[in-house]
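Take this sequence and fold it.
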Amino acid sequence: MGLSHGQYYIIGINIFSFLIYTIDYQLYIRWNKSVKPEVLLNIVTIAGGAFGTLVSELLWDRKVNKINAQSRIYTLVWLMIQFAIFWIIWGPNKDGAKMKIISFLSEHFIMCTFYLFINLLTFIVFGIDKIKAILGKWRIKEIYLLGLCLLGGSAGGLLAMDIFNHKVKSSHFMFGVPIMLCAHLVIISFVSIGII
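Predicted structure coming up:
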C-alpha cells in the first residue's frame, strides 16, 4: 500500500516547515540575524505543516516567553484543525465521514453559507486594518474586529492574524480569537449531532 499524492504533500510540507523554522532559529542564535520568514512560515504552517512547525518550535526554542507561547498556541490550533481534516480524508471511516459532512452541509446550508461569508468578511477586514496600520491611517476599532470573530468569523480572523502577522501582540486577540474559534466549533458540533 503506497502513499497517495496528498500524503506525500503532507510529509513534504511538514519537512519544509521544520526546515524554515530551524534555519531561521539558527541564524538568529548564531548571528542575531533573522531572515524573518514569518509570513512564509505562517502560510506553510496553515497549508498543512503545523506538525513540522510545532516540532521545530519545541526542539529549538525551549524557553517559553510571550512571543513563542503565542506562536505555539496558533500552531497547535492549526494542528488540531489539520488532524481533523486528515482524519476525515484518510481515517478508517473516511467514506462515512465524507457522507456525514455532505449531509450536514446540505441540511444546514444557510448556517454554512453564513459561516463562509462571515469568515471571508473577517479575513478581509483584518487585512484592511493591517494595510491601514502600515500606512499609518485611521484604524478599524478592535471591538469591531473582535465582534466579527464573535459572530462566527474567528477562523477568518485567526487566518488573517497568522498570514498578515496582525494583532499578534494583543492578548485580547492572542487568546480571544482561538477561544472563540473553539466555541464556534463546539456550536457546530452540537448542531451536527442535533443538540441545538
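
name the element the nearest residue to residue 151 once chain neighbours are set aside belongs to?
Of all residues not flanking residue 151 in the chain, residue 118 sits nearest, at 5.7 Å (CB to CB, 6 or more residues apart in numbering). C-beta here means a position set from N, CA and C on the backbone, and glycine is covered the same way. Secondary structure assigned from DSSP states H and E places residue 118 in helix 109-135.

Does anything pack onto that helix? Which helices or strands?
Applying 3 or more CB pairs under 8 Å, 6 or more residues apart in numbering; DSSP states H and E, one finds that helix 109-135 contacts helix 142-148, helix 154-164, helix 171-193.

Can you say which of the ones you listed is packed in most?
helix 154-164 (a mean of 23; mean count of other CB atoms under 10 Å).

Need the contact partners of that helix.
Helix 154-164 is contacted by residues 39, 42-43, 45-46, 74, 77-78, 115, 118-123, 126-127, 130, 145, 148-149, 166-168, 173, 177-178, 180-181, 183-184 when judged by CB atoms under 8 Å, 6 or more residues apart in numbering.

In PyMOL, select just the buried ones from those residues.
In PyMOL syntax, the buried subset of those is picked out as below (16 or more other CB atoms under 10 Å):
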select buried, resi 42+45+46+74+77+78+115+118+119+122+123+126+130+145+148+149+166+167+168+173+177+178+180+181+184
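
re earlier: check contacts around the residue nearest to residue 151.
148, 151, 152, 153, 156.

And for residue 122?
Residue 122 is in contact with 145, 148, 149, 153, 154, 156, 157, 160, counting by CB under 8 Å, 6+ apart.

Once you drop chain neighbours, what's closest to it?
That would be residue 153: by CB to CB, 6+ apart, it lies 2.9 Å from residue 122.

contacting residues for the one you found?
118, 119, 121, 122, 123.

From these, pick the one nearest residue 84.
residue 119 (16.4 Å; CB to CB).

Just to check, that closest one is in contact with residue 152?
Yes: taking contacts as CB atoms under 8 Å, residue 119 lies within contact range of residue 152: 7.1 Å.

What ranges in the chain fall below the confidence cut-off?
1, 31-39, 66-67, 195-196 (pLDDT under 70).

what helix or strand is the most centrally placed residue in the chain on?
For the chain, the residue nearest the mean C-alpha position is residue 78 (4.3 Å; CA atoms, centre = their mean). Counting by DSSP H and E, the element that carries residue 78 is helix 66-90.
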